[in-house]
Each structure stands twice: as structure tokens, then as C-alpha cells.
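J.: give me the fold of what follows.
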Amino acid sequence: MKVLRPATALSLILLTVTALPLRHVTAAAPSRIQSIEPVTLYATTSPLPAGGAQTDNPSAHADTNLLKVNRPIPRLPKATNAPTPVLPAPAGNGIAPVPPVASGFNGLTNREQELAGTGQYTLSQPFLEPPDQGLCVGNGSVLEVVNVALQVDSTSGAPASGITPLNQFFRLPPSASRTNPTIFGPDLSDPKCYYDTDLGRWFLTVLEIGVDPATGAFTNTAAQLIAVSQSSDPLGIWYLYRFSTTDDGTGGTQTHPGCPCFGDQPLMGADKNGFYVSTNEFSILGTAFNGTQLYALSKAQLANGTASQVVHLNVGALPTPDQGGIWYSVQPATSPEPGQFETANNGTEYFLSALDFTGFGDNRIATWALMNTASLDSGTPSLRLRVVIVGSETYVGLAPGGRELAATQKPGPIPLATFFNFYFHTNNGLELLQANDDRMNQVVFSAGKLWSGVNTAENGIGVSTNVGIAYFIVTPSSAGGTLSATMTNQGYVSAGRDNVIFPSIGVTPSGKGVMSFTLSGPDFYPSAAYALVDATNGAGNIHASALGAKPEDGFTGYNSPICPPQVCNNQVGARWGDYSAAVSDEQGNVWLGTEYIPNLSRLFFANWGSFITQVTP
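T.: Next up is the predicted model:
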């Protein structure tokens, strides 16, 4: 049970390997060094393999496994006497024309990812929602990755590679073969990518869950995959790494309740010394939730092909400020250039996370610091993890009545709903867009500050069905091994009767930010949009960089035999997001990757697309 109260400070130290003197320690979480499977070196062709023929895909299959991933965070019950939080009614940020500092081009679409592949990978891809937008930019290239394909473009938008399935990129069996009977390959999901200007290397991560080759059903195996380029050219040679996330005691993993498990929605970050992946751990076939699992690896060893160990920290085992709560979505930070890294304490990586353990609102966030990260280059790393609680504006993770957050959209043609209504008498109408919840989104450490945001019910539970954004700019300090943090600026982004969902903030080295999100509501088809943000003035007006051309009309939001409610949760709305991306480049531009509905040819079951926006703040 939790009642909202003034923020209090909580300080934890987590010891991973060596026994150091501890002071003011309230808990120590289980940790372990586990091995990475032998490094596999492979060379892609240059460019990457070209995509398959752009024709309708008769063998495409609905990847229902993907729809089970990104599970909702379990919530504590709301105390009967707990007050209902009400957010200040946002005045609205205003919707303005696109300024001349922005340009962009269409990114990947469902059609393109579904038809991607060469050789045995041709016509092997599923139709799916959502895209899970990953984006990284550097050295004159733009690498975009979605569920479940990637492409490299030049910064002008010209394709530099074919569209490649992730199963093909990671040299795994196809998602579904063209044989009779069909043979299913490993299930990949939730991709992320990052260009590290310090080393001039590209990093790409994705979760893997094993499947039964005959049925496609999940098995009891799960892993985290990491690919690292050998040079600053994403079309060149990559190293591949894999480590287990089952946590059932096999393969050197820890033993957690309800496992074998998988690491849902892996989040990535990096500092001078380390590369970090944070997951939410769920049972593969059961209902257990074990909270955040943090994996720390030597960044240099990953880049030179010698990485052989990963430090696993069970953050979910640490006590929270609210009894019964479990830490979730602890987001590691990335930095726009090497000079932004925190060097105190022999290297420090920062994180942010939300504290809404009930979903009914909170006015606190957590700032984390992982210290002594330079020890990751040794054979016996010794890391210290600390967390402090910072008072914040209120944010709310559930809509009126305790429903999941969902955004409306402008009415228009919905041919897939028309088909389902005619053939299956389903009475489907215009879809809502699932807006996830108020877990912390992408974090950037720039100009000495941490930048991030969350989705929120716009005016609080029981007040408004609109979805807005709460953003936070936090100044951390870890001098002398003592972590502290202050809220430098915060605020809301609101679009009046419309909705803004799935924020990501990209920040230049000089501290100029751009927030990416989808804009949708009675006045807008789902559109790619952004707002400038800085630490002094907060967020400015909303700009639509690519207006949607029609409504979202995908299979996950409709009741049909293709995607029944127990799989798609379509009573809430269509799957969207599950996240956006925003990154800066070496020239001080910010690049945004956002889901929207383009005016492009679609395939039958889904019509989503993405837009890549370049903004000079």
C-alpha cells in the first residue's frame, strides 16, 4: 500500500564482487559475474544485404510472441484512503509550424520490415506492431532499427544498405522459414542502437527468446544479444556477443523466483568505461516479475573483440521506499560526446527511474549512480550502486478507472477494421493508441545534467483521458562517492485536446535538447512531432515534422481471430511505440526517430511507418 507523501531520501550501496567496507548500507543485492558466449566475428557485405522483392508476402505470419513482450509492470494496490493525485491542468504548449531548422525523411515501415531479407530470409518476416523505434547517428551515417529489421542511410536520407532482418544480421535462423511445414527461428524484440563518439563504434542490442521450431511457442531459454562494429563504418565488420538472461541457475546465471525468465525491453547506456543493459525480468511462461536486472560490460573489450564477462546486478532485490514495490525500468544514460562522461569515483554511470509503484501517481523519481566503472576492464570488477530519491512534479501511469493510458486519433479510412467487421462481425471502430505507462524513457547525461521524460495521464486519474508528457532535468553529483541530486527543471508537454506519447529527449553537448514524440488526437492522424527544451526555459511549442496521412489501422487494436484479446489486449488500443528515439550527432544536430502513419503503400495487417527528423536546436 502506498500513500503519496513528500519525497524522502534513500541511499543504497550494492556490492558486486569484492568485499569492501560498507557504511550506511541498507541492502546489498545479489550479483554475479557470468560469462559471455565466445565472441563471433563476422563481416557483413558492404553494403548490407539488399532487401527482398517488394511484393506482398504470402507466407507472413503474425508474431504473437512479440505481442507478449513488453508486459505491463505489476502494480501495488492503491490504498483506499490514498488521495487521488490531480496534475496541474497544463496550459498547452501550442502547436506551431515546423521551423526552418528541421528536415527529415521517411524511415522504415511495416511493409519494408515484413518484406526484408535475402536468401533463406526472404519472405520469412512477420507482420507486427509496434516498431520499437531505435536510432543512432554518427560519422555521416544513420542506422535505424525497428522490430525486426534495420537499415543504414546517409544523413541526407539516401539508403546506404538494404533492409536486413535482425535474425539475418545476427546470423540466426529466420523468424519463419518458407518450408512446408514452417520452421520457426528465435524470437527477437526491443532493439536499441547507440553510436559511441568516444570509441567511434556502433552498438546494437536486442532480446532473444528461444522458440519451438515446430510451433513457434516460447521455450525456457532467453538471452541478450549485443553487436559492436569493428570500425566507425556501420557497413563493415561487427562482433557478436550473447549472454543468458534466464536466471534459473543454468549457464552461470543467478537463481530467481519463477524463472526461467527473459529481460523485457532492454535499455542501454554507456559511460567512459562501461556499456550497460537494464531489463525488466519476467517469467517466460509464468507470471513472476523480478524487477530490474542490470548488466555491466567493459566498453573497450566489447569494441576490440575481447569481452568475455558481464557483471549482473539484481536491482529488483533492493528495497524500495514503498513496501512491496519493485524497482522497474532503471534507465541508464548515454552522453553526446566523450567530454560529457562522469569521471568521479574512478568512473560513474548515471540512471533515472520512476517510482509510481501503484500506477495511480507519484511525485518522486530516483537518481542512480554506478561507481568505479573503470574496474570493468579488469578481471575482478568491483562496482558500487547508489540511489537517491528526488521530489518531482506529479505524474500518473493509469487512465481514469485504472485503465492503461491510450491516445485518441483523428477519424479516417480504416480498411482493416472494415474487413474484420464484414467477415467476422466484430464491430470494430477507430482504434485508440496504447500509450504504455509512466516508466522512465531514454536518459541523456549532457552538460552535467540528466534529461528524461515519462508518459502521464494529462490531468490525473479520473480527470482527463488525454495523455501528456512529464519531463525532468536533474543535476546529479557523486563527489567523494556520495550521491546527491537536485531537480533543475521540470514541466509538462500538452497538446490541448490532442495527445503526445512516447517521449525521448536528445541533447547536444552544449545542453540544448529536443524532445521527440507522436502527436495524435481529434485534430491529427498519428504524426511525428517534437518540442525544443532547455534547462532554463523548459519545453517550447509543439512542431509536427511529419503529419500523419490516415489513422492507425493495424491488427493489434482490433478484435479478430488474428489477434484475440488475451494476446493483443486490444480492448485498450493498438500497440504503438513502444518507444521513440532522439540522439545528437558530432555537428550539434539532434536526430529523432518517431512512429507515425505515412502516405505510403501498406500491407494488409499493419500500416505503421517511421520518420527521421533532423533538428538544429
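J.: just the helices in this structure please.
T.: 64-68, 110-114, 166-169, 299-304, 415-424, 565-568 (DSSP state H).
J.: I'd like to know how far residue 246 sits from residue 262.
T.: Between residue 246 and residue 262 the distance is 8 Å, computed by CB to CB, to the nearest Å. (Glycine included, C-beta is placed from N, CA and C.)
J.: list residues touching both of those two?
T.: 222, 284 (CB atoms under 8 Å, 6 or more residues apart in numbering).
J.: neighbour count winner among these two?
T.: Remark: of residue 246 and residue 262, residue 262 carries more neighbours, 31 against 24, as counted by other CB atoms under 10 Å.
J.: just to revisit the earlier point, out of the helices of the chain, which is closest to residue 196?
T.: When the helices of the chain are compared for distance to residue 196 using CB to CB, the nearest one is helix 299-304, at 7.0 Å.
J.: which helices and strands does the closest one pack with?
T.: If you count contacts as 3 or more CB pairs under 8 Å, 6 or more residues apart in numbering; DSSP states H and E, helix 299-304 packs onto strand 218-229, strand 237-244, strand 274-283.
J.: ends of stretch 258-277, what's the gap?
T.: The separation between the terminal residues of stretch 258-277, taken as CA to CA, to the nearest Å, is 21 Å.
J.: then stretch 379-399?
T.: Using CA to CA, one end of stretch 379-399 lies 48 Å from the other.
J.: any buried residues in it, and which?
T.: Residues 381-390, 392-399 are the ones in stretch 379-399 that count as buried (16 or more other CB atoms under 10 Å).
J.: try stretch 323-337
T.: Within stretch 323-337, the residues that qualify as buried by neighbour count (16+ other CB under 10 Å) are 325-337.
J.: I'd like these laid out as JSON lines, including pLDDT and distance to residue 193.
T.: Supplementary listing: the buried residues of stretch 323-337 in JSON lines, determined by pLDDT from 0 to 100; distance: CB to CB, whole Å:
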{"residue": "325", "pLDDT": "94", "distance to residue 193": "31"}
{"residue": "326", "pLDDT": "96", "distance to residue 193": "28"}
{"residue": "327", "pLDDT": "97", "distance to residue 193": "25"}
{"residue": "328", "pLDDT": "97", "distance to residue 193": "23"}
{"residue": "329", "pLDDT": "97", "distance to residue 193": "19"}
{"residue": "330", "pLDDT": "98", "distance to residue 193": "20"}
{"residue": "331", "pLDDT": "98", "distance to residue 193": "16"}
{"residue": "332", "pLDDT": "98", "distance to residue 193": "14"}
{"residue": "333", "pLDDT": "98", "distance to residue 193": "16"}
{"residue": "334", "pLDDT": "98", "distance to residue 193": "11"}
{"residue": "335", "pLDDT": "97", "distance to residue 193": "15"}
{"residue": "336", "pLDDT": "96", "distance to residue 193": "15"}
{"residue": "337", "pLDDT": "93", "distance to residue 193": "17"}
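J.: so of the residues you listed, which ones are in strands?
T.: Counting by DSSP state E, the members of these that fall within strands are 331-334.
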